[in-house]
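> just coords:
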Ligand code: NAD
């Protein structure tokens, strides 16, 4: 029996939704050509939340063709028109913050009140910020020779393929959709097969506020099939990807035959350094935020903490007490729950395997170190917030991205040693330094191999400020003006004013 294009669902908090199941192409929900579907699983219960149609090669071609047709007129839209539409998306999300917060929580396992609703705020800020840019994209006049006028115009690239992960389904999409649209591009966005539900509700908004058909197409589908099809499609000008480093490498290769522009926001293993002169209460608070928020499923999670030896044991005591008291674990719709389930059974097992590896490698378990199977939580994919201490630089739990609520803590004696430890991984996304010494803070910031440095905070993301990594954490930047430039290309126009030659 074929799946209907919408299903009625009442969420655990009583929110009634009509869940779209189709591929959003040309402002309509359609079935996939071969009828294949994806089951989306509830992380708290392991049950199916809903099924959706999964795009394959032919569907991707249809979506790309819809975008191609739309681009012909969309590229002639004015910046003011695009800004107005983007602001309308922000308005809709703001008005329905609670509704979208419920859907995002249900889809991804984020606890609604302490986590998911803030992602909706992030989307609102992002759409507003880039709405403001839409009519301010300008080129330059370049004057060298008085007999020649040269100028640049910053044009959209055309069709952008966007591929997003499951840890921030709506926010990672907003980071990509908003700047690409502000710059006048058209889009085919593929959601993660793990969290395909919430973005289909956002898809409806694009039609509601008046985006022309084909400008934004949102499809569910698996990476190997739909994702690859986007990467090799010759009409797609650019791939913007957020996800694991392993997939980032595959995408780079797949996109190379057609010489697409590629931006990659990949994995991380970000260090957080705490000097003895730091405000310890602040350091403890941010250290917990940096790894326990979103169940540790944050690319920039500060998952390696290095503490100066004189305050090492004190810090461990304080961190463990703070996490125990203030990071309550629970299901998505428990109001005071902070740490929800991992997104999937596979992720839960991956994180548990790393916990096992850490124990075998000889790290000391200070907190947690196991699945949480208390009461109803046994049905879901819960892992207790875990703190490992006494870690050594080459342990796998120090080198590899775990992507769960698991932090490794080690000690250092000198600043040089702290920097050496911090830079001793293949990733380079975020980094944090806690100290009251401004000179040391800025010197360390310049020495650290990372795309972002937080001085006396952690994971302080801001739509105005560029986000991205170095080394195996990625290529290119999102957010801020830099994020916008990733969606334009300069065209140089030379005007001969003096019959030169
Ligand atoms: P993933 O790489 O498994 O999947 C990400 C997306 O890529 C999904 O939509 C998936 O379907 C698609 N995909 C998978 N294989 C593909 C292929 N061969 N071709 C094209 N597309 C393909 O990552 P995930 O498990 O969804 O997300 C977790 C990872 O994302 C972590 O490593 C995390 O660090 C990273 N991440 C990075 C950032 C950042 O900005 N740097 C932000 C969030 C998450």
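That came through fine. Computed from a predicted model, the values in this text were never measured in an experiment.
> which ones are touching the residue most central in space within the chain?
Per CA atoms, centre = their mean, the C-alpha nearest to the average position across the chain is that of residue 172, at 4.0 Å. Going by CB atoms under 8 Å, 6 or more residues apart in numbering, residue 172 touches 164, 165, 242, 265. (C-beta placed from N, C-alpha, C; glycine too.)
> Residue 364 and residue 392 touch, don't they?
No - the pair residue 364 / residue 392 is not scored as a contact, 11.4 Å apart, by CB atoms under 8 Å.
> where does the stretch 201-350 of the chain come near the ligand, residue by residue?
Near the ligand, the residues belonging to the stretch 201-350 of the chain are 222-224, 227-228, 231, 242-244, 247, 250-251, 265-268, 299 when assessed by CB under 6 Å from any ligand atom.
> Show me the strands in the stretch 401-501 of the chain, by range?
Along the stretch 401-501 of the chain, counting by DSSP state E, counting those that start in this stretch, strands occupy 406-412, 427-428, 432-434, 454-455, 470-471, 474-475, 488-496.
> Disregarding residues adjacent in the polypeptide, which is nearest to residue 358?
residue 397 (4.1 Å; CB to CB, 6 or more residues apart in numbering).
> How about residue 324?
Residue 324's closest residue in space is residue 367 (CB to CB, 6+ apart), at 6.7 Å.
> So residue 449 versus residue 469, what's the distance?
10 Å (CB to CB, to the nearest Å).
> joint contacts of these two?
By CB under 8 Å, 6+ apart, the residues touching both residue 449 and residue 469 are residue 428.
> related to what we said a few turns ago, enumerate the positions of the helix or strand harbouring the residue nearest to residue 358 that are buried.
Assigned by DSSP states H and E, residue 397 belongs to helix 396-399. Within helix 396-399, the residues that count as buried by 16 or more other CB atoms under 10 Å are 397, 398.
> Begin at 34 from now on, thanks
In the new numbering, first residue 34, that becomes helix 429-432.
> Show me what that helix is packed up against.
helix 378-393, strand 439-445 (3 or more CB pairs under 8 Å, 6 or more residues apart in numbering; DSSP states H and E).
> Export the ones you listed to TSV and append columns for mean pLDDT.
Listed next are the helices and strands packed on helix 429-432 as TSV, based on pLDDT from 0 to 100:
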stretch	mean pLDDT
helix 378-393	98
strand 439-445	98
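> and those as JSON lines, adding mean neighbour count?
Conversion of the helices and strands packed on helix 429-432 to JSON lines gives the following (neighbours: other CB atoms under 10 Å):
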{"stretch": "helix 378-393", "mean neighbour count": "17"}
{"stretch": "strand 439-445", "mean neighbour count": "24"}
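> returning to what we had before: burial count for the residue nearest to residue 357?
19 (other CB atoms under 10 Å).
> Report the contact partners of it.
By CB under 8 Å, 6+ apart, the contact set of residue 400 is 353, 356, 357, 417, 418, 419, 420.
> Out of those, which end up buried?
Buried members of these, counted by 16+ other CB under 10 Å: 353, 356, 417, 418, 419, 420.
> and the two most separated of the residues you listed?
353 and 417 (11.7 Å; CB to CB).
> how about stretch 442-461, does it reach the ligand?
No - judged by CB under 6 Å from any ligand atom, stretch 442-461 stays clear of the ligand, getting no closer than 8.7 Å.
> circling back to that earlier point, dump the contacts of residue 400 into CSV; add pLDDT, secondary structure and distance to residue 209 as well.
Shown next, in CSV, are the contacts of residue 400 (pLDDT from 0 to 100; DSSP: H, G, I helix; E, B strand; the rest coil; distance: CB to CB, whole Å):
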residue, pLDDT, secondary structure, distance to residue 209
353, 98, helix, 37
356, 98, helix, 32
357, 98, helix, 37
417, 98, coil, 33
418, 98, coil, 30
419, 98, strand, 32
420, 98, strand, 34
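> mind putting the residues you listed in JSON lines, distance to residue 404 included?
Rendered in JSON lines, the data for the contacts of residue 400 read as follows (distance: CB to CB, whole Å):
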{"residue": "353", "distance to residue 404": "19"}
{"residue": "356", "distance to residue 404": "17"}
{"residue": "357", "distance to residue 404": "17"}
{"residue": "417", "distance to residue 404": "7"}
{"residue": "418", "distance to residue 404": "12"}
{"residue": "419", "distance to residue 404": "10"}
{"residue": "420", "distance to residue 404": "16"}
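> chain center to stretch 526-534: distance?
Put simply, stretch 526-534 sits 47 Å off its chain's centre (CA atoms, centre = their mean, to the nearest Å).
> which residues are contacting that stretch?
178, 179, 180, 181, 182, 183, 184, 185, 186.
> from the residues you listed, which is closest to residue 108?
After measuring the contacts of stretch 526-534 against residue 108 - CB to CB - the closest member comes out as residue 186, at 11.6 Å.
> correct me, but that closest one touches residue 217?
No - using CB under 8 Å, residue 186 makes no contact with residue 217, being 11.1 Å away.
> For those two, indicate the residue with more neighbours.
Applying other CB under 10 Å to residue 186 and residue 217 shows that residue 217 carries more neighbours, namely 24 against 14.
> Check the gap between the more buried one and residue 249 for me.
Relative to residue 249, residue 217 is positioned 13 Å away (CB to CB).
> Surely residue 255 touches residue 86?
No - at 12.0 Å, residue 255 and residue 86 do not qualify as touching, with contact defined as CB under 8 Å.
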